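> Show me the folded form of this:
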Amino acid sequence: MAKQDVCFIILAVLTMVSFVVVQVVSGITMSRCEKHWNFTNRSNDDTDLNPPGWAFSIWFVIYMWQAAWIIYVLTTICRQCCGKPIYQLLNVVTSPFLAIFIVNQLLSLGFFYIYIMQMDETVTPMLSVFSLWVTVLLCLIIYHYQMAAVPPKLACQLRKDVTCLIVLVQNGLAMYLSWLTVADMLVLNSFAVYTVGVPMTMSSCLTLTLLAVIVTVYFFLELTLWRKYVRYTFTTYPTVMWGLMAITVDKWDPQNPTSIYVLVLLLVVSVYFFAKIGVTFGRRSAKGKYAALQQY
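Down below sits the predicted model:
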């Protein structure tokens with residue numbers, strides 16, 4: 001029987017503990033939300049891009065997805081193949097990955113503290129959301145690097161576990177990262193309007209342009225250079241679409257250029273999403289059911 005990695009086990013348990021703590025604090029914080037959540041916590045800081053409170057119900061889906069992959073990782077400690085625990089065989093979710101995710105959870109507590117304390121500024125929330133974004137991005141980089149190193153034969157042998165990693169870890173973190181990207185854009189917009197003094201319409205249009213550039217660059221990269229890594233990532237576009245749809249429903253005004261811009265961007269992201277589905281499953285059908293997994 002292979003020797004267990006004590007450090008990994010401790011980090012896996014701490015990941016679950018920190019996640020549960022964040023859920024408790026999150027529940028308390030969300031119960032204090034008003035109709036419109038504004039990232040600067042000032043009641044007069046509403047902008048053309050602030051989504052309604054119900055839009056943040058997506059956090060429930062994000063948290064449930066994180067809970068699913070955390071539980072899955074814990075099961076890999078108990079299950080073995082070829083005399084070794086699954087987590088050691090695949091070595092995709094590693095100790096550095098878990099350590100960074102724990103840091104992310106601690107930073108989440110910091111963000112909730114900022115909201116509860118009603119800090120009257122925009123810089124602190126902006127830096128807080130950005131730090132969350134960086135930690136999730138680092139987790140995904142580690143994940144993709146390790147997944148690409150899994151031998152093809154092992155991936156076929158443990159294809160159920162590889163599928164769980166793709167569905168739970170890869171898509172769960174991608175949804176988390178996508179929503180944090182939207183949040184970064186919203187808090188940046190508030191910062192530009194209420195701290196820098198940029199006119200609201202101009203700031204909103206610049207923010208939407210930045211988001212459009214990010215999504216478009218990602219779309220082309222995932223179909224070319226990043227195809228090997230993110231071809232089975234499907235949660236990115238629906239998450240962005242959810243945010244844009246919420247803004248459109250809540251703030252639609254045909255006389256407002258921002259509303260038109262949001263609607264156009266929503267349609268563009270939708271086209272990207274359906275194109276992604278068509279390209280992915282078109283290539284999958286051409287190569288066979290498990291050929292794509294063998295590339296890992």
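> and I100, what does it touch?
T135, L138, C139, I142 (C-beta atoms under 8 Å, 6 or more residues apart in numbering). Just so you know, the C-beta spots here come from the backbone N, C-alpha and C atoms, and that holds for glycine as well.
> show me where pLDDT drops low in the stretch 101-250 of the chain?
114-123 (pLDDT under 70).
> got the residue ranges for the strands in the stretch 51-200 of the chain?
80-81, 84-85 (DSSP state E, counting those that start in this stretch).
> could these go into a markdown table alongside mean neighbour count?
Listed next are the strands of the stretch 51-200 of the chain as a markdown table, based on neighbours: other C-beta atoms under 10 Å:
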| stretch | mean neighbour count |
| --- | --- |
| strand 80-81 | 15 |
| strand 84-85 | 18 |
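> Distance to T224 added to these, as CSV?
Below are the strands of the stretch 51-200 of the chain laid out as CSV (distance: least, C-beta to C-beta, whole Å):
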stretch, distance to T224
strand 80-81, 34
strand 84-85, 36
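> Dump those strands into JSON lines; add distance to I260 and mean pLDDT as well.
Converted to JSON lines, the strands of the stretch 51-200 of the chain look like this (distance: least, C-beta to C-beta, whole Å; pLDDT from 0 to 100):
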{"stretch": "strand 80-81", "distance to I260": "55", "mean pLDDT": "80"}
{"stretch": "strand 84-85", "distance to I260": "54", "mean pLDDT": "86"}
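> what's the closest of the ones you listed to Y272?
strand 80-81 (37.8 Å; C-beta to C-beta).
> Nearest to A55 among the contacts of I100?
T135 (22.9 Å).
> burial count for the nearest residue in space to Q80 that is not next to it in sequence?
Spatial nearest neighbour of Q80, chain neighbours left out: I86 (6.8 Å); criterion: C-beta to C-beta, 6 or more residues apart in numbering. Applying other C-beta atoms under 10 Å, we find 22 residues neighbouring I86.
> Tell me how far I86 lies from K3.
15 Å (C-beta to C-beta, to the nearest Å).
> now do T239
Counting by C-beta to C-beta - T239 and K3 are separated by 40 Å.
> which one of these two has more residues nearby?
Taking other C-beta under 10 Å, T239 and K3 do not tie; T239 has more neighbours (22 against 8).
> on that earlier part again, and the residue nearest to Q80, what is it in contact with?
T75, T76, R79, Q80, L158, D161.
> returning to what we had before: of all the strands of the stretch 51-200 of the chain, which lies closest to T280?
That would be strand 80-81 among the strands of the stretch 51-200 of the chain, by C-beta to C-beta, at 28.2 Å.
> quick one: which helix or strand includes L11?
Using DSSP states H and E, the element containing L11 is helix 6-30.
> Verify the stated contact: F273 with M241.
Yes - with contact defined as C-beta atoms under 8 Å, F273 and M241 form a contacting pair (6.8 Å).
> As a check, name the ranges of all helices in the stretch 151-296 of the chain.
Taking DSSP state H, counting those that start in this stretch as the test, the helices found in the stretch 151-296 of the chain are 152-157, 159-164, 171-191, 200-222, 227-230, 236-251, 257-287, 291-294.
> hey, which of those helices is tucked in deepest?
Comparing those by mean neighbour count (mean count of other C-beta atoms under 10 Å), helix 171-191 comes out on top with a mean of 23.
> other SSEs contacting that one?
Contacts defined by 3 or more C-beta pairs under 8 Å, 6 or more residues apart in numbering; DSSP states H and E place helix 171-191 against helix 58-78, helix 123-148, helix 200-222, helix 236-251.
> Quick one: mean pLDDT for the first one?
Right, helix 58-78. The average pLDDT for helix 58-78 rounds to 94.
> what residues does it touch?
4, 8-9, 12-13, 15-16, 19, 23, 26, 30, 85-87, 90, 93, 98, 161, 164-165, 168-169, 171-173, 175-176, 179, 239, 242-243.
> can you give me how far that helix is from the chain middle?
In terms of C-alpha atoms, centre = their mean, to the nearest Å, the centre of helix 58-78 is found 13 Å from the chain centre.
> Please apply the same query to the second one.
Here the centre of mass of C-alpha atoms in helix 123-148, compared against the chain's by C-alpha atoms, centre = their mean, lies 9 Å away.
> Then stretch 14-28?
Relative to the centre of its chain, stretch 14-28 is centred 17 Å away, using C-alpha atoms, centre = their mean.
> could I have stretch 265-276 exported to PDB, CA atoms only?
C-alpha atoms of stretch 265-276 as PDB (Å, rounded to 0.1, in the frame of the first residue of the first chain):
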ATOM      1  CA  LEU A 265     -22.500  42.400 -25.700                       C
ATOM      2  CA  LEU A 266     -25.000  39.800 -24.400                       C
ATOM      3  CA  LEU A 267     -25.800  38.700 -27.900                       C
ATOM      4  CA  VAL A 268     -22.100  38.500 -28.900                       C
ATOM      5  CA  VAL A 269     -21.300  36.400 -25.800                       C
ATOM      6  CA  SER A 270     -24.200  34.100 -26.700                       C
ATOM      7  CA  VAL A 271     -22.800  33.600 -30.200                       C
ATOM      8  CA  TYR A 272     -19.400  32.800 -28.700                       C
ATOM      9  CA  PHE A 273     -21.000  30.200 -26.400                       C
ATOM     10  CA  PHE A 274     -22.900  28.400 -29.100                       C
ATOM     11  CA  ALA A 275     -19.900  28.500 -31.400                       C
ATOM     12  CA  LYS A 276     -17.900  27.000 -28.600                       C
END
